[in-house]
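Participant: One predicted model, sequence on top.
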Amino acid sequence: MIAATDLLRQRLSDLHPISDASWRAAIDHLSTKSWKAGETVFAAGDSDQRVYFIADGLARYYYIDPDGRERNKSITGPGGALASMDTAINGVPSPFFTEALTELRTVAITYPHLVMLSEQHSDWAVVVRRLLEILILKKERREAEFLMLSARQRYENFIAEFGSDAGRISLRQVAMYLGITDVALSRIRREMGMTNS
């Protein structure tokens, strides 16, 4: 099995090459962890200032509303990250939870150390900028999908975005991510000629 830090370097280098010197500057600030499906990475109320880069596996961000219902904010996979930016930047408790949807390996770094690396190493600055651009574009597209697309179109986009990983995510989690009921997702899948397993 490839080490999580090596996988992370490969994934980040797809955004912009990281020199050996820049990687060595980061290595002492990185910590790796494996998570089982269903494990919480950090919870609402936590003040965890780490950014958890996903080396492999899938995870979700979610809220729990006042009635106790879970609401998926986002699903992310290899090359993505788990972090509460308000917590990382301002030190306020996270308003949401993060959870491993599958077995998950993460490589974490505190946000202050990530900022320090980006200030001292230009290749880290480019990687951080590109990661933020990806996050902003994903949020912009997701907002547009909710405002402009039907549930079926959102599901088709979900399948296109997650590819073969889409089948690793339970239909309940997918429905929550799409903002629809399990029953509505089952109907959409039936209309598309897909099985509901």
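Facilitator: Here it is on my side, so go on. Quick caveat: nothing in here was measured; it's all calculated off a predicted structure. Numbers count the residues shown, from 1 in each chain.
Participant: pretty sure Asp65 is touching Pro95, no?
Facilitator: No - look at Asp65 against Pro95 with C-beta atoms under 8 Å: they stay out of range, at 11.6 Å. (Each C-beta comes from the backbone N, C-alpha and C, glycine too.)
Participant: And those two? Which one has more around it.
Facilitator: Pro95 (12 against 8; other C-beta atoms under 10 Å).
Participant: which ones are touching the residue nearest in space to the middle of the chain?
Facilitator: Centroid check for the chain by C-alpha atoms, centre = their mean gives Thr76 as the closest residue, at 3.0 Å. By C-beta atoms under 8 Å, 6 or more residues apart in numbering, the residues touching Thr76 are 54, 58-61, 82.
Participant: Just the pLDDT at it, thanks.
Facilitator: Thr76 carries a pLDDT value of 94.
Participant: Which one of the contacts of Thr76 is nearest to Phe146?
Facilitator: Nearest to Phe146 among the contacts of Thr76 is Tyr61, at 15.4 Å by C-beta to C-beta.
Participant: That closest one and Val41, how far apart?
Facilitator: Shown here: Tyr61 relative to Val41, a distance of 10 Å by C-beta to C-beta, to the nearest Å.
Participant: Repeat that for Trp23.
Facilitator: Applying C-beta to C-beta, the value for Trp23 to Val41 is 24 Å.
Participant: Tell me which of those two has more neighbours.
Facilitator: Using other C-beta under 10 Å as the criterion, Trp23 and Val41 rank with Val41 on top: 23 against 19.
Participant: Next secondary structure after whatever helix or strand Glu156 lives in?
Facilitator: In the assignment (DSSP states H and E), Glu156 maps to helix 151-162. Counting by DSSP H and E, the element after helix 151-162 in chain order, helix or strand, is helix 171-178.
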